[in-house]
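Participant: model the structure of this input:
(2 chains)
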Amino acid sequence: AQKITQTQPGMFVQEKEAVTLDCTYDTSDQSYGLFWYKQPSSGEMIFLIYQGSYDEQNATEGRYSLNFQKARKSANLVISASQLGDSAMYFCATRPEDTGTASKLTFGTGTRLQVTL
Amino acid sequence: DAGITQSPRHKVTETGTPVTLRCHQTENHRYMYWYRQDPGHGLRLIHYSYGVKDTDKGEVSDGYSVSRSKTEDFLLTLESATSSQTSVYFCAISRDRPTYEQYFGPGTRLTVT
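Facilitator: Sure, this is the predicted structure:
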């Protein structure tokens, strides 16, 4: 079984500053994937970034980067140069990385980020 | 945009009535999923499908059934709706290697009174 823990229910950050959203995971799988999703107030779920457990480099996608520390079982999302449009709920998720099987995601409870002027 | 639509987008129904939610995709993806989202729980997997007529249970499948008679359509049925099934329901598809990331439909807000 897999578990995701997001300990920050809410975060504030000033515009143009960087912010780190915490995510720790628990899995018995040798190989797994880690994901971050954004959910704005409009409700849709938006895929942001992916990290494979065997990837040696931290994933980056534009202003998003994933600070992956395998030994600590953490997969924190870093958003650089925050924008007002970054205000949203952010979900961390994981799945086993067996090829050929369904990508069943386990989600955390989310962190609500508010970007202020 | 992964070409996923859900219908209806909003529904209010009474306890004990059957309800069917539809998910439609246009990109011929093999895997499809149904999740529910509730405050304090994030998203939880209800059922998923790995092909036409091939489905399996997720974490919170009690009270739900699914069917997939065509690649593009994945139906979620609440046989006899209960107030505990008031939730937002998301359909998703997953892409292929290497990341298998999922893309979600816009969601259906279901209220059971």
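
Participant: drop to CA atoms for contacts and neighbour counts, all remaining ones
Facilitator: OK.

Participant: now do the residue of chain B found nearest chain A: how many residues are near it, please.
Facilitator: Chain A sits closest to residue B:42 of chain B, with a gap of 4.2 Å, by C-alpha to the nearest C-alpha. Other residues near residue B:42 number 19, with proximity taken as other C-alpha atoms under 10 Å in any protein chain shown.

Participant: stretch A:55-63: end-to-end distance?
Facilitator: Start and end residues of stretch A:55-63 are separated by 19 Å (C-alpha to C-alpha, to the nearest Å).

Participant: buried ones in it?
Facilitator: A:59-60 (16 or more other C-alpha atoms under 10 Å in any protein chain shown).

Participant: any part of that stretch near chain B?
Facilitator: No. Figure legend: stretch A:55-63 not in contact with chain B (C-alpha under 8 Å from any C-alpha of the partner chain); closest approach 11.4 Å.

Participant: find the nearest non-adjacent residue to residue A:95, please.
Facilitator: residue A:105 (4.9 Å; C-alpha to C-alpha, 6 or more residues apart in numbering or on different chains).

Participant: spell out which parts of chain B neighbour chain A.
Facilitator: Contact residues (C-alpha under 8 Å from any C-alpha) of chain B with chain A: B:31, B:40-45, B:48-50, B:94, B:97, B:99-107.

Participant: which of those are buried?
Facilitator: B:31, B:42-45, B:48-50, B:94, B:99-107.

Participant: skipping adjacent residues, who's closest to the residue of chain A found nearest chain B in space?
Facilitator: Proximity of chain A to chain B (C-alpha to the nearest C-alpha) peaks at residue A:109, 4.2 Å away. Nearest residue to residue A:109, sequence neighbours excluded (C-alpha to C-alpha, 6+ apart): residue B:42, at 4.2 Å.

Participant: and what of residue B:64?
Facilitator: residue B:78 (5.0 Å).

Participant: quick check: that neighbour touching residue B:18?
Facilitator: Yes. Shown here, residue B:78 and residue B:18 form a contact pair, counting by C-alpha atoms under 8 Å, at 5.5 Å.

Participant: who has more neighbours, the two?
Facilitator: Counted by other C-alpha under 10 Å, residue B:78 and residue B:18 do not tie: residue B:78 has more neighbours, with 18 against 13.

Participant: so that one bridges to which residues?
Facilitator: residue B:19, residue B:64 (DSSP bridges).

Participant: secondary structure element holding the residue nearest to the spatial centre of chain A?
Facilitator: Taking C-alpha atoms, centre = their mean as the criterion, residue A:36 is the residue nearest the geometric centre of chain A, at 3.2 Å. Assigning secondary structure by DSSP states H and E places residue A:36 in strand A:32-39.

Participant: output the contacting helices and strands for that strand.
Facilitator: If you count contacts as 3 or more C-alpha pairs under 8 Å, 6 or more residues apart in numbering or on different chains; DSSP states H and E, strand A:32-39 packs onto strand A:46-52, strand A:88-96.

Participant: could you write out the alpha-carbon coordinates of the longest one in PDB?
Facilitator: Think strand A:88-96. Extracted C-alpha coordinates of strand A:88-96, given in PDB (Å, rounded to 0.1, in the frame of the first residue of the first chain):
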ATOM      1  CA  ALA A  88      -4.700  26.900  -5.900                       C
ATOM      2  CA  MET A  89      -4.800  23.500  -4.200                       C
ATOM      3  CA  TYR A  90      -1.800  21.400  -4.800                       C
ATOM      4  CA  PHE A  91      -1.800  17.600  -4.600                       C
ATOM      5  CA  CYS A  92       1.000  15.200  -4.400                       C
ATOM      6  CA  ALA A  93       0.400  11.700  -5.700                       C
ATOM      7  CA  THR A  94       2.300   8.400  -6.200                       C
ATOM      8  CA  ARG A  95       1.800   5.200  -8.100                       C
ATOM      9  CA  PRO A  96       3.700   1.900  -8.500                       C
END
